[in-house]
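# how would this look folded up:
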Amino acid sequence: MSVRQQPAPVPDRARGTDRSAARRAELLAIGRTLFADTSYDALSMDDIARQAHVAKGLIYYYFRSKRGYYLAIVQDSVAELVAFAASGAELPAKDRLQRTIDGYLRFAEHHQAAYRTIVSGGVGFDAEVHAIRDGVREAIVATIADGAYGRTDIGALARTGLFSWVCSVEGTTLDWIGRPELTRAVLGELLVKTLGGTLRAIEELDPSCPAPPPARRDG
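Purely as a prediction, here's the structure:
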């Protein structure tokens, strides 16, 4: 007679790791809101612990310092934004551009505190924080280039053109989440058209980077 095997129990260490990851993610989510609404210098660790309803030692345990906590928040937000914008890789190039812009705006709309943390930050000039922000700009430029040209190894002119468009999108998006007078769909269509103009200007000056045809409208 065969003996039915019971499923192996989940090790305590694995359960502990899951709980630890969940708690860290919770602290990051709280920190996004705190640093989006209050400047870095104005928040002490005591303030953060009190508003997060946790012991100050817990924040030190996960992040070692206030700066470590802040940088972890920025990096986590950046990773999520890039993932949103880069989704839809299976689409044709002309449709992927529109999907990238919609994913970018959707993230900003539903994660406003995180978006402000990425673009504006809670500190004055901070070289490390600005490097993280520059990194996300380069990632978005690469995503747009891949969607438009099917490659990311573009020349200086194309990169500069796309970089300037991304920077303008940041300011426009910040204004939009503060004053949402347009729907996401309308703003997305506007940004698609301005991107189209940028891509056509790049093609005119650098024929090795031809602009993709405009996305086909349904109906």
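
# once you drop chain neighbours, what's closest to the residue nearest to the spatial centre of the chain?
Note on the chain: the residue nearest the mean C-alpha position is L81, at 1.9 Å, using Cα atoms, centre = their mean. Spatial nearest neighbour of L81, excluding adjacent residues (Cβ to Cβ, 6 or more residues apart in numbering): F107 at 5.1 Å. In this view, the C-beta of every residue, glycine as well, is placed from N, C-alpha and C.

# return the set of buried residues in the helix or strand where that neighbour lies.
Take DSSP states H and E as the rule and F107 turns out to sit in helix 93-110. By 16 or more other Cβ atoms under 10 Å, the buried positions in helix 93-110 come out as 94, 96-105, 107-109.

# which helix of this protein spans the most residues?
Using DSSP state H, we find that the single longest helix of the chain is helix 12-37.

# packing partners for the following helix or strand past it?
Where DSSP H and E defines the elements, the next helix or strand beyond helix 12-37 is helix 45-52. Counting contacts by 3 or more Cβ pairs under 8 Å, 6 or more residues apart in numbering; DSSP states H and E, helix 45-52 is packed against helix 12-37, helix 56-63, helix 66-86.

# could you redo the last one with a cut-off of 6 Å?
Where contact means 3 or more Cβ pairs under 6 Å, 6 or more residues apart in numbering; DSSP states H and E, helix 45-52 is not packed against any helix or strand.

# residue ranges in this structure under the pLDDT threshold?
Flagging of the chain using pLDDT under 70 yields the residue ranges 1-16, 88-91, 93, 121-126, 214-219.

# the residue nearest to the centre of the chain is in contact with A108, isn't it?
No. Taking contacts as Cβ atoms under 6 Å, L81 lies outside contact range of A108: 8.1 Å.

# ok, back up a step: the longest helix of the chain - contacts with which helices or strands?
With contacts defined as 3+ Cβ pairs under 6 Å, 6+ apart, the packing partners of helix 12-37 are helix 66-86, helix 112-119.
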